[in-house]
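[1] Next come a sequence and a model predicted from it.
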Amino acid sequence: MEQKLLRVGTTYLPVSNVDLSSEWYITNLGAVLNYKDKDKAILDFANQSIFLVKAQENQSANFYNSYGEECFSMTFEVNGLNVLEDIHREFKEKEIKVGEIENRGHSGRNFVFYDPDGNKFDVWSELSPIFKEKFLS
């Protein structure tokens, strides 16, 4: 079968306050604001469009696996362990809720962090080879 779905273009994240959340993403993650109204903000970062959508109370993009562990729904890739360590340190300095850098038994290292609404994200020290080839060559 020929591959027809070429990339993920947009990710939607639930937030409680569009103004505060969009400012957090701009300040802490370097997002660029493209549009904002009372119900949503459209941001560009991490080579993707992210919609922050005003949601009902206590919503997040997280889910629980079969062992009852809270899981993230998105992993950001960075280019190497040094970059991962720098971002981890920067996030801690900005008082972003972060986990410790982990060895999960595969190549590279990871850590998790949370936005103000409790959306849990992962950061991995390994860039995909296809991304490197297309964008960093």
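    Everything's here; your move. All values derive from a computational prediction rather than experimental measurement.

[2] Quick check: buried residues in stretch 59-66?
    59-61 (16 or more other CB atoms under 10 Å). C-beta here means a position set from N, CA and C on the backbone, and glycine is covered the same way.

[3] Spell out for me which residue occupies the centre of this structure.
    Phe121 (4.8 Å; CA atoms, centre = their mean).

[4] Give me the three-state assignment for that residue.
    At Phe121 the chain is in strand, as set by DSSP: H, G, I helix; E, B strand; the rest coil.

[5] Can you name the residues that contact it?
    Contact analysis of Phe121 by CB atoms under 8 Å, 6 or more residues apart in numbering lists 72, 74-76, 112-115.

[6] ok, residues contacting the worst-scoring helix or strand of the chain on mean pLDDT?
    Least confident helix or strand of the chain, by mean pLDDT, DSSP states H and E, is helix 129-135 with a mean of 83. Helix 129-135 is touched from outside by 47, 77, 79, with contacts defined as CB under 8 Å, 6+ apart.

[7] need these in JSON lines with pLDDT, can you?
    Shown next, in JSON lines, are the contacts of helix 129-135 (pLDDT from 0 to 100):
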{"residue": "Asn47", "pLDDT": "89"}
{"residue": "Glu77", "pLDDT": "95"}
{"residue": "Asn79", "pLDDT": "93"}
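
[8] The residues you listed in strands, which ones?
    Members of those lying in strands (criterion: DSSP state E): Glu77.

[9] Please report which of the contacts of helix 129-135 has the highest neighbour count.
    Among the contacts of helix 129-135, Glu77 has the most neighbours (other CB atoms under 10 Å), with 18 neighbours.
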